[in-house]
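here is a sequence together with a model predicted from it:
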Amino acid sequence: MSGRRPSPEDAGAGETQRLDKWLFFARMAKTRSLAVELIRAGHVRVNGDKAKAPGKTIRPGDVLTIALSREVRILKMLGPGERRGPYPEARLLYEDLAPPAARSEDDVDD
């Protein structure tokens, strides 16, 4: 016994989830069926590789690139979801890696 307490990062390291479920819980798709379609159409990459199956397992630290109808989202998975909750709850599942300028680009009028 090492006496070392597990850190929060250690606790989340073994947690995995199906890609389609996570996209639904993170509110990237309105339904799991639409999440499956998004994946099968080739609009989702995990760590730079095109996701081929909705059942692909993802884990905290994975970087997802998602091509949505009006934007491309680059997200780092922080943890699995337990349910599809309100936006503030879903927002805790990922870190948005897009540069701040890209996020506010639509707000600038030149």
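Looks like it came in fine.

would you map the helices across the protein?
For the chain, applying DSSP state H gives helices covering 8-13, 19-25, 32-40, 87-90, 100-103.

so can I have TSV of those showing mean neighbour count and mean pLDDT?
(C-beta placed from N, C-alpha, C; glycine too.) Listed next are those as TSV, based on neighbours: other CB atoms under 10 Å; pLDDT from 0 to 100:
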stretch	mean neighbour count	mean pLDDT
helix 8-13	11	44
helix 19-25	23	98
helix 32-40	17	97
helix 87-90	12	96
helix 100-103	10	62
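
what's the closest of those to residue 69?
helix 32-40 (10.0 Å; CB to CB).

so what secondary structure elements neighbour that closest one?
helix 19-25 (3 or more CB pairs under 8 Å, 6 or more residues apart in numbering; DSSP states H and E).

identify the residues contacting stretch 75-92?
Applying CB atoms under 8 Å, 6 or more residues apart in numbering, the external contacts of stretch 75-92 come out as 12, 15-17, 21-22, 24-28, 58-64, 66, 93-97.

and it, how far apart are its ends?
11 Å (CA to CA, to the nearest Å).

buried residues of that stretch, list them for me.
Judged by neighbour count using 16 or more other CB atoms under 10 Å, the buried positions of stretch 75-92 are 75, 77, 79-81, 84, 90.

show me the beta-bridge partners of residue 18.
Using DSSP bridges, the beta-bridge partners of residue 18 come out as residue 57.

hmm, I was thinking of residue 49
Here residue 49, judged by DSSP bridges, has bridge partners residue 46.

now stretch 89-103, how far from the centre of its chain.
10 Å (CA atoms, centre = their mean, to the nearest Å).

would you turn the helices of the chain into JSON lines with distance to residue 48?
Below are these laid out as JSON lines (distance: least, CB to CB, whole Å):
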{"stretch": "helix 8-13", "distance to residue 48": "21"}
{"stretch": "helix 19-25", "distance to residue 48": "15"}
{"stretch": "helix 32-40", "distance to residue 48": "15"}
{"stretch": "helix 87-90", "distance to residue 48": "24"}
{"stretch": "helix 100-103", "distance to residue 48": "18"}
